[in-house]
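> with the sequence up front, the predicted model follows.
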Amino acid sequence: MKLMVVLLLATAAAMTLRADDRRFVASDVPAAGMRKPGRIVISNQGNVITAFRFFGDIREALFSLRSKRTLATRSYGPVLFDSSAALDGAMPAYLSTVIADAAKTNGVDPRLVAAVARRESALNPSAVSSVGACGLMQLMPATAHYLGVTNVFDAKENVHGGTRYLRTLLDTFNGDLDLALAAYNAGPGAVQRYGGVPPFAETQAYVRAVKATYERSLQR
């Protein structure tokens with residue numbers, strides 16, 4: 001435990017160094033309590049920080065921290081988060097009300113929520129996919145549980161859960177609509193793993209279809 005505290009103190013201090021200063025000695029940290037032998041040195045090299053312990057001329061690597069690559073994103077614009085937009089009348093009134101309420105609650109354009117629901121289930125609250133996704137927004141059981149949705153076939157619960165998840169993905173990917181939609185279809189892990197929209201035919205077709213429906217609704 002004491003070693004971990006020392007390493008954390010050393011790492012935090014190393015973060016404050018100038019870019020041209022690559023070395024830091026943990027025993028120089030006030031209150032670190034280091035005693036020689038066993039000097040710890042932090043090597044800070046860009047996106048990799050490595051802790052070494054020295055015993056005379058012997059160097060032992062303790063751990064390395066490597067930052068993840070930052071995913072490049074392109075913000076679609078503030079319209080994504082315009083929760084006051086009006087829906088067209090081309091869906092049952094009760095669904096319009098549910099979608100508008102969910103969109104306002106989560107700060108998402110209701111036209112985007114409607115576009116996702118159309119692609120996911122063709123606005124069928126009882127839809128079940130071949131892989132077990134359920135309801136209007138086609139929530140997988142694990143996702144529904146995470147979102148606190150207890151009845152996936154209840155239109156209000158399902159849409160509110162799906163919209164909350166959509167907003168989470170938009171926030172995660174900095175308002176990049178392509179990446180958020182790809183993550184809704186294939187999972188955020190796949191987007192991170194491939195560094196963008198995954199090379200899955202289904203996911204790529206999904207992103208194109210939802211964006212096309214959404215963008216048409218913006219022109220009305």
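Noted; the coordinates are in hand. Numbers count the residues shown, from 1 in each chain.
> all strands of the chain, in order?
For the chain, the strands defined by DSSP state E cover 23-25, 39-45, 48-55, 58-66.
> ranking those strands by mean pLDDT, which is last?
Note on those: strand 23-25 shows the lowest mean pLDDT, a mean of 44.
> so how far is L139 from the residue lying closest to P141 once chain neighbours are set aside?
Spatial nearest neighbour of P141, chain neighbours left out: G132 (6.4 Å); criterion: C-beta to C-beta, 6 or more residues apart in numbering. Any C-beta I mention is one placed from the backbone N, CA and C, and that applies to glycine too. To L139, G132 is 10 Å away according to C-beta to C-beta, to the nearest Å.
> higher neighbour count, these two?
L139 (24 against 12; other C-beta atoms under 10 Å).
> confidence score at the residue most central in space within the chain?
When C-alpha atoms, centre = their mean is applied to the chain, the residue found nearest the centroid is T172 (3.4 Å). pLDDT for T172: 93.
> L139 contacts V159, doesn't it?
No. Counting by C-beta atoms under 8 Å, L139 does not reach V159; the two are 9.9 Å apart.
> would you confirm that A100 contacts P110?
Yes. Contact criterion C-beta under 8 Å: A100 and P110 qualify, at 5.0 Å.
> what do those two both touch?
Residues touching both A100 and P110 (C-beta atoms under 8 Å, 6 or more residues apart in numbering): L87.
> more neighbours: those two, which one.
The neighbour comparison of A100 against P110 (other C-beta under 10 Å) goes to P110, with 24 against 19.
> I'd say that one and I99 touch.
Yes. Contact criterion C-beta under 8 Å: P110 and I99 qualify, at 5.1 Å.
> shared neighbours of those two, anything?
Common contact partners of P110 and I99 (C-beta under 8 Å, 6+ apart): L87.
> now stretch 138-157: buried residues?
The neighbour-count check on stretch 138-157 (16 or more other C-beta atoms under 10 Å) flags Q138, L139, T143, A144, L147, V149, V152, D154, A155, K156, E157 as buried.
> and that stretch, end to end?
One end of stretch 138-157 to the other measures 12 Å (C-alpha to C-alpha, to the nearest Å).
> what about that stretch, distance to the chain center?
19 Å (C-alpha atoms, centre = their mean, to the nearest Å).
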